[in-house]
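Visitor: Show me how the following folds:
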Amino acid sequence: MYFSSTTFHAKYFKGVIALIVLLILTRIAAPYVVQYYVNYQLKHTQGVTGHVGDVDLFLYRGAYAIDDVEIYAVDATSAPKPLLSIQTLDFSLAWSALLKGNLVTNMAFTRPEIVIYDKDPNASEQNQQVKDETTWVGLANNLVLFSIDTLTIEQGKLTLVNSTNSGETPTFISNINAEIKNITNAQTNPKHTQHTTHP
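Guide: Numbers count the residues shown, from 1 in each chain. All right, here's what the predicted structure looks like:
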């Protein structure tokens with residue numbers, strides 16, 4: 001069977017066009033796939049529930065960002081605020097480690113807030129799984145595909161809510177900034193944690 005040069009180039013051109021269209025469709029669908037996956041993991045983690053907002057991909061730096069993360073305790077009807085809320089959660093590949101053969105990520109929290117409720121010791125605990133570290137470790141392992149090398153916190157906030165007869169009294173520490181490097185020992189010389197807090 002004989003194929004002319006024109007026929008070969010036409011098939012090659014169609015293949016390239018099909019590949020480009022497939023890449024464009026994949027790029028468009030990827031943020032929604034990531035958003036669905038994260039919400040699915042939150043829905044199927046025992047003891048907690050929550051949701052996330054928009055997901056943005058940054059292919060040029062091998063990163064994606066998740067906006068408006070909110071995690072609540074299941075059946076926590078008396079807690080109006082989420083246990084953990086994050087304005088933006090950013091995951092990016094550590095290129096310096098990748099060049100050395102280590103596939104790790106950097107994680108950055110922008111405006112995270114952790115809320116701790118100080119309940120009456122005589123009150124029954126409705127959700128023990130929230131206090132179980134394996135719940136949070138399991139969720140983190142499902143959300144982060146690779147090991148974390150650097151963790152950064154920008155403008156964080158820690159709130160303690162005390163229940164009294166007159167209502168709930170919150171106490172908080174704001175403007176928490178921290179950076180933990182070389183968590184996976186991907187670099188030769190580990191660096192210490194740096195943090196600043198302001199009441």
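Visitor: in its sheet, what does the top strand by length along the chain sit against?
Guide: Longest among the strand segments of the chain by residue count, using DSSP state E, is strand 147-164. Taking DSSP bridges as the criterion, strand 147-164 sits next to strand 104-118 (parallel), strand 167-180 (antiparallel) in its sheet.
Visitor: and the first one, which residues are buried?
Guide: Think strand 104-118. Val104, Thr105, Asn106, Met107, Ala108, Phe109, Thr110, Pro112, Glu113, Ile114, Val115, Tyr117 (16 or more other CB atoms under 10 Å). Heads up, the C-betas are built off the backbone N, CA and C, glycines and all.
Visitor: nearest residue to the third one other than its sequence neighbours?
Guide: Taking CB to CB, 6 or more residues apart in numbering as the measure, Asn106 lies nearest to Thr150, with 4.3 Å between them; neighbours along the chain are not counted.
Visitor: Please give me every residue in contact with the one you found.
Guide: Applying CB atoms under 8 Å, 6 or more residues apart in numbering to Thr150 gives the contacts Ala94, Asn106, Met107, Glu179, Ile180, Lys181, Asn182, Ile183.
Visitor: What segments of this structure are helices?
Guide: 5-43, 95-98, 133-143 (DSSP state H).
Visitor: which stretch among these comes nearest Leu57?
Guide: Nearest to Leu57 among the helices of the chain is helix 5-43; the distance by CB to CB comes to 5.6 Å.
Visitor: Could I get the average pLDDT for the closest one?
Guide: Taken as a whole, helix 5-43 has an average pLDDT of 81.
Visitor: If we go by neighbour counts, what in it is buried?
Guide: Pro31, Val34, Gln35, Val38, Gln41, Leu42.
Visitor: Equivalent analysis for stretch 146-156, please.
Guide: Ile148, Asp149, Thr150, Leu151, Thr152, Ile153, Glu154, Gly156.
Visitor: what's the farthest-apart pair in those?
Guide: Distances among these were taken as CB to CB; the most separated pair is Asp149 and Gly156, at 19.5 Å.
Visitor: re earlier: I'd like to know how far the residue nearest to Asn106 sits from Asp90.
Guide: Using CB to CB, to the nearest Å, Thr150 is found at 11 Å from Asp90.
Visitor: hey, what's in contact with both of those two?
Guide: Residues within reach of Thr150 and of Asp90 at once, by CB under 8 Å, 6+ apart, are Asn106, Met107.
Visitor: list the contacts for the residue nearest to Lys157 when sequence neighbours are not counted?
Guide: On the basis of CB to CB, 6+ apart, the spatially nearest residue to Lys157 that is not a chain neighbour turns out to be Glu113, at 4.3 Å. Contacts for Glu113 (CB under 8 Å, 6+ apart) come out as Leu84, Ser85, Ile86, Gly156, Lys157, Leu158, Thr159.
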